[in-house]
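1. next come a sequence and a model predicted from it.
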Amino acid sequence: MASSLQHSHNPFDDATFSVAVDFPARAVEVHGDLDLATAPHLQAAIEPLLISGGIVTLDLAGLKFLDASGLRVFEQINQALAEHGHHLVFRNLNARQRRIFLAAGLSSMLVTA
């Protein structure tokens with residue numbers, strides 16, 4: 001991503017998680033475990049993109065673990081964007097992550113780049 005990245009790190013010592021946000025490109029890279037402890041951190045990192053409107057791209061290449069809390073954040077982000085006629089786009093979604101979305105009944109969210 002471009003030099004406009006802003007890196008945020010998880011304040012919890014027991015989890016490995018980071019988010020890199022490229023505001024001009026409206027792209028977010030997620031790295032590590034997205035779970036109950038880290039989901040609010042992702043929500044906070046993406047909040048400025050929701051306010052400005054437009055499509056947001058989430059790159060999940062670095063995502064190692066995803067639980068229901070992470071899915072819930074994805075749903076909330078997608079819903080906030082949909083209220084303004086936009087949506088969430090996933091990039092580098094692997095087969096395991098795709099199965100999690102399908103099992104959770106969230107296949108309608110799977111807009112991929």
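-> Cool, the structure landed.

2. whichever helix or strand residue 60 is part of pairs with which strands?
-> According to DSSP states H and E, residue 60 maps onto strand 56-66. Partners of strand 56-66 in the sheet, by DSSP bridges, are strand 27-34 (parallel), strand 88-91 (parallel).

3. pLDDT (mean, whole number) over the last one?
-> Over the span of strand 88-91, the pLDDT mean works out to 92.

4. need the contact partners of it.
-> Strand 88-91 is contacted by residues 27, 55-61, 74, 77-78, 81, 109-113 when judged by C-beta atoms under 8 Å, 6 or more residues apart in numbering. For the C-beta atoms, the positions are set from N, CA and C on the backbone; glycine is no exception.

5. now, of these, which are buried?
-> Among these, those classed as buried by neighbour count (16 or more other C-beta atoms under 10 Å) are 27, 56-60, 74, 77-78, 81, 109.

6. how many neighbours does residue 69 have?
-> Residue 69 has 15 neighbouring residues, counting by other C-beta atoms under 10 Å.

7. sorry, wrong one. I was asking about residue 47.
-> Neighbour tally, residue 47, other C-beta under 10 Å: 11.

8. pLDDT wise, what is it at?
-> For residue 47, pLDDT reads 89.

9. residue 49 touches residue 28, doesn't it?
-> Yes: contact criterion C-beta atoms under 8 Å: residue 49 and residue 28 qualify, at 7.3 Å.

10. so what sits against both of these two?
-> 21, 56.

11. what comes into contact with the strand holding residue 60?
-> Here strand 56-66 makes contact (C-beta under 8 Å, 6+ apart) with 16, 25-35, 46, 49-50, 74, 77, 81, 86, 88-94, 97, 100, 113.

12. quick check: bridge partners of the residue most central in space within the chain?
-> Centroid-nearest residue in the chain, with C-alpha atoms, centre = their mean: residue 58, separated by 4.9 Å. Under DSSP bridges, the beta-bridge partners of residue 58 are residue 28, residue 90.

13. could you measure from it over to residue 19?
-> Taking C-beta to C-beta, to the nearest Å as the measure, residue 58 falls 10 Å from residue 19.
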